[in-house]
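>>> need a 3D model of the following:
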Amino acid sequence: MGKHMNTAVCMFPNEMQIHQQLAVLVVCCSLATGQISSRYIFIQEPMPWAKGREYCQSHFVDLAVLSTEKEYFALLSAIPMNNASFWLGLHKESSGWKWTNGEQLRLTHWYNYNHEGHCVSLEAMFEEDDKLLARSCNEQHSFVCQGPVSPQSVSVDFVNIDHMKLSWNISALMQTTSHYYNVTICGFICEMLSYPYNNSSSLMSISISNLSAATEYFIYVSAVVIHLDQETSRKWILQANPTMLKAKTVTSNKTHIIFFIVLDLFSLVLMVSSFWYIYQVVKKKSTERVGGRLSAGSAIVELIPHRIGLEKLENVIF
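Numbers count the residues shown, from 1 in each chain. Down below sits the predicted model:
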């Protein structure tokens, strides 16, 4: 995958913790005016279901898709008003209820299930959590647009001294949308790189280079969609909340070599010191032995003249 050449770099002290790095990420890597970071955008102007979807596709990604319970309740908590009906990206096909990304409906939060309606709204005025209602697609209601979706998780496929390879699965919704990914990697500095998604594959793989050996990095991956408003010529930049992971590059071979050289030198010094100690001990012992023999010889030499004198005296007498 290619990457845009423009980068954003921010310096921060080495001792900062992850929450400080996140703050740097927000300050240094924020986009220009027109950025929308919310995943769900509520449009108050009433439209039929098809018109609402067309608007969402022109300005955002699509009508809101709620694949999981977590997404459903996240949308409920974000509703700006409690007296409206909002179209969702859920409609009825011959095979059953499907979201606009092709996924089957797995939620069961029907307020009132009926067979007449072919499009689904979320009824904010209902007090219970079951707020899905099938309606005629020609009715005019407010609607919820879907922003870009960052990967749920990112895998580290390969790590070397100065580079690593990452990959992640792309949701069905994002596979049909022109977008790119901002990848911000923070070590001693934060650097943001952009990688375009230019095919319909369900897997994205990238390679990040020019890293430092034996360094821990915090990496943030965000999906980004850009739309140009035809009426105002204003560029809208939609960036999803980032997915974060942590990875560490391996130790340099040079570091290993230096370590073993130092270890060998230390072993050599110990060996030489041991030999020197043994030499000094042996030398001392040898000196003590030689000194003992010299003392005995001196005693013999001192006795010999007396003996010679006695022999001469005996010769004289006899």
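>>> where exactly do the helices run in the chain?
18-28, 49-59, 69-78, 172-175, 253-317 (DSSP state H).
>>> for the shortest one, which helices and strands make contact with it?
In this structure, helix 172-175 makes packing contacts with no helix or strand, judged by 3 or more CB pairs under 8 Å, 6 or more residues apart in numbering; DSSP states H and E. Every residue, glycine included, has its C-beta placed from N, CA and C.
>>> CA atoms only: put it into CSV for me.
Extracted C-alpha coordinates of helix 172-175, given in CSV (Å, rounded to 0.1, in the frame of the first residue of the first chain):
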residue,chain,number,x,y,z
ALA,A,172,-18.2,-4.3,4.9
LEU,A,173,-19.4,-0.7,5.2
MET,A,174,-15.9,0.7,4.5
GLN,A,175,-15.1,-1.7,1.6
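>>> name the residues of it that are buried.
172-175 (16 or more other CB atoms under 10 Å).
>>> from these, which is closest to residue 41?
Set against residue 41, the nearest of the buried residues of helix 172-175 by CB to CB is residue 173 (14.3 Å).
>>> I'd say that closest one and residue 101 touch.
Yes. Between residue 173 and residue 101 a contact is recorded at 4.1 Å, counting by CB atoms under 8 Å.
>>> need the residues touching each of these two.
62, 65 (CB atoms under 8 Å, 6 or more residues apart in numbering).
>>> could you give the mean pLDDT of the longest strand anywhere in the chain?
Secondary structure assigned by DSSP state E gives strand 216-228 as the longest strand of the chain. Per-residue pLDDT over strand 216-228 has a mean of 93.
>>> identify the residue nearest residue 161 in space, chain neighbours excluded?
residue 213 (4.5 Å; CB to CB, 6 or more residues apart in numbering).
>>> how about residue 39?
With CB to CB, 6+ apart, the residue lying closest to residue 39 is residue 147, at 4.7 Å.
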